[in-house]
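J.: Next input, structure requested:
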Amino acid sequence: MLLGALVDAGVAFSSLQETAAALNVGARLEMRKVVRGGITATKVDVLTPDSPAAEHEHPHEAHHAHEGHTHESHAGHAHHVHPAPARHTHEHAHEHAHEHHRSLSNILAIIGAAPLADGVKEKATRAFQLLGEAEAAIHSIPVEKVHFHEVGAVDTIVDIVCAAAGSAALGVDRWLASPLNVGSGTVQCAHGILPVPAPATLALLADAPVYAAGQPMERVTPTGATILRMLNVQYKPLPAMRITASGYGAGGRDTPGQANVLRMLVGEETAQDVAAEPIAVMETVIDDSSPQLLAYVSELLLEAGAWDVYRVAVQMKKGRNGVQMTVLCRPGLVPALRDLLFRETTTIGLHWRLENKESLAREFAEVQTEWGAVRIKIARWPSGEAANAAPEYEDCREIAARHAVPLKQVMQEAMRLYAAVQVKKEER
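T.: Below you'll find the model as predicted:
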């Protein structure tokens, strides 16, 4: 699926064909357009002399749909050799045993001997090393003792190496992805029946965000997880970007009700006008607490790290007057502030949600008034131009109380001095 998306997004198919030929393992690539869920996508097949014709869906594709995020390769998994290995479930089960039972060193030798760019070799080598390390940890054996069954098959070697070459040809700085639908149920492999995601897949995904949705099937394979690690994918929301190309790579199955495709967006990230970060908004409505209690709780919330707390009078059911208390905080503080609200107020329920907080960059300057120093808070646009400036309230209040000067006079004088400094800077 990734190879199809790369070609659909503009990578020359001939370059992938040359990569497959360079491996000298008797494999070639074929490309065709197919429709998946009403979407036209590019399907790339890895063929060997014994492979079925490209126009027929491969047996492993007919049984294993890998929608969404990962390259559709084998339903099989990498495992060390058993004296009597179980029957393989992919389309190359009829090939000679030596083509299925490859050691890590054998695969790395194939990659090393191929006339490919050093960067492509490094990526592909690292990918199989990661896979070998995952298998070694799962089976408690040294990595040099790991032998591969399905993942050592010709088509998967071609899949991973061509993915390394295609990603290099695309020329992007980084890869981002949404959370991965790993699927559910079980999968048949050389060791028998395993839960989905398979142990190797789970180990390779590491801390990637995952979920399971849709009908039971394997949606992320060890090969797909390996490619994600090879590309050093980061899992973040779609950033602000100017899209320059897009591509759809097709899986083998045309799944009813959903498009079995991998979509790739290529573009240039654009700077946002202002900085954005997640913010938690907590709200509760109270109709049986005194104003003094609510003021006290507001102070506790601010001391506990809330960014802001405010109260609004509301009319509740049956005509009762109440107070809606809203708390703004970073998401990680929700549990602590929730418990504080339940403990300190009479509320028995609240709701909260995540929103986006956008704020201008802030800095402080200091001016010296006749009564003492006052900080000026300055907000700036991303360009560096000042958007707003205001004297720090607490500084002005302290000076006003200490010198018996009207607060407004202190604030006005602080702003006058700040403005004078800015005029001098402009004159320079």
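
J.: who are the neighbours in contact with the residue nearest to Ala306 when sequence neighbours are not counted?
T.: Counting by C-beta to C-beta, 6 or more residues apart in numbering, the nearest residue to Ala306 once its immediate chain neighbours are dropped is Cys329, at 4.6 Å. The way it works is simple: take the backbone N, C-alpha and C, and place the C-beta from them, glycine included. By C-beta atoms under 8 Å, 6 or more residues apart in numbering, Cys329 lies in contact with 279-280, 282, 305-307, 337.

J.: of all those, which comes closest to Ala5?
T.: Ile279 (34.2 Å; C-beta to C-beta).

J.: Show me what the helix or strand where the closest one lies pairs with in its sheet, parallel or antiparallel.
T.: Here Ile279 sits within strand 275-286, counting by DSSP states H and E. Strand pairing for strand 275-286, using DSSP bridges, gives strand 321-329 (antiparallel), strand 351-359 (antiparallel).

J.: On the three-state scheme, Arg397 is what?
T.: Following DSSP: H, G, I helix; E, B strand; the rest coil, we place Arg397 in the helix state.

J.: The closest residue to it other than its chain neighbours: what's it in contact with?
T.: With C-beta to C-beta, 6+ apart as the criterion, Arg397 has its nearest non-adjacent residue at 6.2 Å, and that residue is Leu407. Leu407 makes contacts with 396-397, 400, as judged by C-beta under 8 Å, 6+ apart.

J.: can you give me the mean pLDDT across stretch 321-330?
T.: Across stretch 321-330, pLDDT averages out at 95.

J.: Restricting to C-alpha, output it in PDB.
T.: In PDB, the C-alpha atoms belonging to stretch 321-330 read as follows (Å, rounded to 0.1, in the frame of the first residue of the first chain):
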ATOM      1  CA  ASN A 321     -30.300  30.600  40.300                       C
ATOM      2  CA  GLY A 322     -26.900  29.000  40.100                       C
ATOM      3  CA  VAL A 323     -23.300  29.700  39.300                       C
ATOM      4  CA  GLN A 324     -21.400  28.100  36.500                       C
ATOM      5  CA  MET A 325     -17.700  27.600  37.400                       C
ATOM      6  CA  THR A 326     -15.300  27.200  34.500                       C
ATOM      7  CA  VAL A 327     -11.700  26.100  34.900                       C
ATOM      8  CA  LEU A 328      -9.100  26.400  32.200                       C
ATOM      9  CA  CYS A 329      -6.000  24.200  32.600                       C
ATOM     10  CA  ARG A 330      -3.500  22.000  30.800                       C
END
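
J.: what comes up buried for stretch 162-174?
T.: Neighbour counts over stretch 162-174 (16 or more other C-beta atoms under 10 Å) mark 162-170 as buried.

J.: Pull out the buried residues from the contacts of Cys329.
T.: Using 16+ other C-beta under 10 Å, the buried ones in the contacts of Cys329 are 279-280, 282, 306, 337.

J.: Dig out what the spatially most central residue of the chain forms beta bridges with.
T.: The structure's the chain has its C-alpha centroid closest to Tyr235; by C-alpha atoms, centre = their mean the separation is 1.0 Å. On the basis of DSSP bridges, Tyr235 is bridged to Ala177.

J.: Low-confidence stretches in the stretch 201-350 of the chain?
T.: The model of the stretch 201-350 of the chain has pLDDT under 70 over residues 271-275.

J.: one step back: let's see which of the buried residues of stretch 162-174 end up in helices.
T.: 162-170 (DSSP state H).

J.: Closest to Met217 out of those?
T.: Ala163 (21.9 Å).

J.: about what we covered before: so which bits of the strand holding Ile279 are buried?
T.: Neighbour-count burial for strand 275-286 [16+ other C-beta under 10 Å]: 279-280, 282, 284-286.

J.: what angle separates the helix or strand that that strand is followed by from strand 321-329?
T.: Next along the chain after strand 275-286, taking DSSP H and E as the criterion, comes helix 291-303. Counting by axes from the mean of the first three to the mean of the last three C-alpha atoms, to 10 degrees, helix 291-303 points 10 degrees away from the direction of strand 321-329.

J.: Just the buried positions in the helix or strand following helix 291-303, please.
T.: With elements assigned by DSSP H and E, the helix or strand that comes after helix 291-303 is strand 308-315. Residues of strand 308-315 classed as buried: Val309 (neighbour count, 16+ other C-beta under 10 Å).

J.: Then stretch 204-216?
T.: For stretch 204-216, by 16+ other C-beta under 10 Å, it's 204-205, 208, 210.

J.: Between the two ends of it, how far is it?
T.: Length of stretch 204-216, first residue to last, C-alpha to C-alpha, to the nearest Å: 21 Å.

J.: now stretch 265-277
T.: Stretch 265-277 end-to-end distance (C-alpha to C-alpha) = 23 Å.

J.: Please tell me which one of the contacts of Leu407 counts the most neighbours.
T.: Greatest neighbour count in the contacts of Leu407, by other C-beta atoms under 10 Å, goes to Cys396: 25 neighbours.

J.: And what about the residue lying closest to that residue once chain neighbours are set aside, helix, strand or coil?
T.: Excluding the flanking residues, the one nearest Cys396 by C-beta to C-beta, 6+ apart is Val410, at 4.5 Å. Under three-state DSSP, Val410 falls in the helix class.

J.: Pull the contacting residues for Val410.
T.: 369, 371, 374, 391, 396, 399-400.

J.: Widest-spaced pair of those residues?
T.: Trp371 and Pro391 (12.3 Å).

J.: Between the two, which is the more surrounded one?
T.: A count of neighbours by other C-beta under 10 Å puts Pro391 above the other of Trp371 and Pro391, at 22 against 17.

J.: Quick check: that one vs Asn232, distance?
T.: Distance, Pro391 to Asn232, by C-beta to C-beta, to the nearest Å: 47 Å.
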